[in-house]
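*Asks:* heads up, no residue letters with this:
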């Protein structure tokens, strides 16, 4: 009987476990926490209180892995959300043009999304969850060329330790992964690490959604605009008629966690739309902060030696600034790549683990450039300095932003790329390049501070 172990049961771990059920007789997920009975926040997902975006490509993959999942989302009260028509979205160039795009995803809290996926995994697939256990180390063959198991300890109580043997171990433990330490303890080289940190901090409060017929949107999104404007915000309508409202600041311009400071901070946004929305809304939670937001890439793909029987996915390899909402979708893409790798190779294949890490590394390059390219706009961001190509991309996207308030086709192209439905290269089609050049020749100003360029737009049909 073949056996695979997933270390870590957050979204990357859950989706990985689902893929593994197609390739192994037994799948075990080792999770430090205890899963709540309901859609409640758990310690292992520290950002669960904050806004989360499920991008279109991510939801498409999740539906592929769990047929009928969208029906489960709907039954749990997650809202249907059309990107473009159901949002007020302020970019550097002004308010995004509101129009029907046909790109529809679900809006919900992270706790609800995790809970639904977890329940589907338990009910429909042969997965064992070893909760309240931590992995202390790896078990290897005598020559340390293959990982063949893990040592686990029950947390609390007797702290009983046991060894679990497996044909494949996947590390999906996120930013706190100890895989690098385990590798060096086995005589391997630790991976190089690249960090780009713009020191984003955000703070979130939950509200009852106001009974206000003038609110015709489900998402309010306000982008920061470097280098002048370092503040952004979002309000997402989620299940049970609730709002999740998040304020964010870059380069350590962190939003306060007290009510008076929270409201005052919101007045420093490029529009008062956020402040006007929440000033009279009924709060139903305290204000929660989060500041662990650096882009962090552990370059396992560059290693010349790597043990078989071990693979690393999700934030344990590459964690992005969560302000861009890419995490769940990248986890889903990692799961698809794992599935493709296992379909094409026997798990016993020598060198398979390193091959997977190299293919994963190649797949991450575009997402990394999208996230860090924005963060590197800020003068106090730490990390490598933007090169000529990065600066060109920044200037090009500035011109794209100017077109978004008035060009429906450009809006659709932007939303397609933001949702991973199309690659960023699609923004360089001849038709779009021609529009960008024409806009650049006109000149004009982007949003630089103080006030919004125009009143928030109504939906155009």
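*Replies:* Yep, that arrived. Here the structure is a predicted model, which means the values were calculated and not measured.

*Asks:* Could you spell out the sheet neighbours of the host helix or strand of residue 162, each with its direction?
*Replies:* Assigned by DSSP states H and E, residue 162 falls within strand 161-165. Strand 161-165 pairs in its sheet with strand 147-154 (antiparallel), by DSSP bridges.

*Asks:* continuing past the strand holding residue 162, what's the next helix or strand?
*Replies:* Downstream of strand 161-165, the next assigned helix or strand under DSSP H and E is strand 168-171.

*Asks:* and the gap between residue 224 and residue 370?
*Replies:* Distance of residue 224 to residue 370, given as Cβ to Cβ, to the nearest Å: 16 Å. C-beta here means a position set from N, CA and C on the backbone, and glycine is covered the same way.

*Asks:* When these two are compared, which one has more neighbours?
*Replies:* Set side by side, residue 224 and residue 370 show more neighbours around residue 224, with 25 against 18, by other Cβ atoms under 10 Å.

*Asks:* which residues does that one contact?
*Replies:* Residues near residue 224 by Cβ atoms under 8 Å, 6 or more residues apart in numbering: 230, 231, 232, 248, 249, 250.

*Asks:* 6 Å instead?
*Replies:* 230, 231, 232, 250 (Cβ atoms under 6 Å, 6 or more residues apart in numbering).

*Asks:* Likewise for residue 69?
*Replies:* Residue 69 neighbours (Cβ under 6 Å, 6+ apart): 62, 63.

*Asks:* Which residue ranges of this structure form helices?
*Replies:* All helices of the chain, identified by DSSP state H, fall at 11-20, 56-65, 69-75, 110-124, 179-185, 259-266, 273-278, 327-344, 352-375, 388-403, 408-418, 430-442.

*Asks:* With mean pLDDT and distance to residue 40 as added columns, please give these in CSV.
*Replies:* As requested, the helices of the chain are exported to CSV (pLDDT from 0 to 100; distance: least, Cβ to Cβ, whole Å):
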stretch, mean pLDDT, distance to residue 40
helix 11-20, 97, 16
helix 56-65, 97, 21
helix 69-75, 97, 17
helix 110-124, 95, 6
helix 179-185, 96, 29
helix 259-266, 95, 24
helix 273-278, 95, 24
helix 327-344, 96, 18
helix 352-375, 94, 29
helix 388-403, 87, 39
helix 408-418, 93, 30
helix 430-442, 88, 44
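
*Asks:* so which of those helices gets nearest residue 161?
*Replies:* helix 179-185 (16.0 Å; Cβ to Cβ).

*Asks:* Give the buried residues for the closest one.
*Replies:* 179, 180, 182, 183 (16 or more other Cβ atoms under 10 Å).

*Asks:* want to throw the residues you listed into a markdown table with distance to residue 196?
*Replies:* Shown next, in a markdown table, are the buried residues of helix 179-185 (distance: Cβ to Cβ, whole Å):
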| residue | distance to residue 196 |
| --- | --- |
| 179 | 21 |
| 180 | 18 |
| 182 | 25 |
| 183 | 23 |
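
*Asks:* Now the spatially most central residue of the chain. Nearest residue, chain neighbours left out?
*Replies:* In the chain, the centroid-proximal residue (Cα atoms, centre = their mean) is residue 327; its distance is 1.7 Å. Spatial nearest neighbour of residue 327, chain neighbours left out: residue 320 (6.5 Å); criterion: Cβ to Cβ, 6 or more residues apart in numbering.

*Asks:* and if you look at residue 201?
*Replies:* residue 254 (3.6 Å).

*Asks:* Same check on residue 36?
*Replies:* Here the residue nearest residue 36, using Cβ to Cβ, 6+ apart, is residue 42, at 5.8 Å.

*Asks:* ok so, going back, out of the helices of the chain, deepest packed?
*Replies:* When those are scored by mean count of other Cβ atoms under 10 Å, the highest mean neighbour count falls to helix 11-20 (a mean of 27).

*Asks:* Let me know whether residue 373 touches residue 391 as I believe.
*Replies:* No. With contact defined as Cβ atoms under 6 Å, residue 373 does not count as touching residue 391 (9.3 Å).

*Asks:* What residues are bridge-paired with residue 242?
*Replies:* Applying DSSP bridges, one finds that residue 242 bridges with residue 208, residue 238.

*Asks:* Could you tell me how many residues sit around residue 103?
*Replies:* 18.

*Asks:* swap in residue 288?
*Replies:* Residues contacting residue 288 under the criterion other Cβ under 10 Å number 18.

*Asks:* With adjacent residues omitted, what lies nearest to it?
*Replies:* Using Cβ to Cβ, 6+ apart, the closest residue to residue 288 is residue 49 (4.7 Å).

*Asks:* Over to residue 148?
*Replies:* Using Cβ to Cβ, 6+ apart, the nearest residue to residue 148 is residue 139, at 5.5 Å.

*Asks:* can I assume that neighbour is in contact with residue 146?
*Replies:* No. Residue 139 is beyond contact range of residue 146, at 10.0 Å (criterion: Cβ under 6 Å).

*Asks:* Any figure for the gap between residue 205 and residue 341?
*Replies:* Taking Cβ to Cβ, one finds residue 205 at 42 Å from residue 341.

*Asks:* er, residue 312 I mean
*Replies:* The gap separating residue 312 from residue 341 is 13 Å, by Cβ to Cβ.

*Asks:* contacting residues for residue 373?
*Replies:* So residue 373 contacts 390, 393 (Cβ under 6 Å, 6+ apart).

*Asks:* quick revisit: these two touch, right, the residue nearest to residue 288 and residue 286?
*Replies:* No. Using Cβ under 6 Å, residue 49 makes no contact with residue 286, being 9.4 Å away.

*Asks:* Low-confidence regions, the stretch 151-300 of the chain specifically.
*Replies:* Along the stretch 151-300 of the chain, no part satisfies pLDDT under 70.

*Asks:* sorry, back to before: count of neighbours near the residue nearest to residue 288?
*Replies:* With other Cβ under 10 Å as criterion, residue 49 counts 23.

*Asks:* Find me the pLDDT at it, would you?
*Replies:* As predicted, residue 49 sits at a pLDDT of 84.

*Asks:* wait, what's in contact with it?
*Replies:* Residue 49 neighbours (Cβ under 6 Å, 6+ apart): 41, 204, 288.

*Asks:* Next, give phi and psi for it.
*Replies:* Here is the backbone geometry of residue 49 (degrees, to the nearest 10): phi -80, psi -10.

*Asks:* Check what pLDDT residue 135 gets.
*Replies:* Residue 135 carries a pLDDT value of 96.

*Asks:* swap in the one 5 residues further on?
*Replies:* If you check residue 140, the pLDDT there is 97.

*Asks:* contacting residues around it?
*Replies:* Residue 140 neighbours (Cβ under 6 Å, 6+ apart): residue 147.

*Asks:* Perfect, that will be all.
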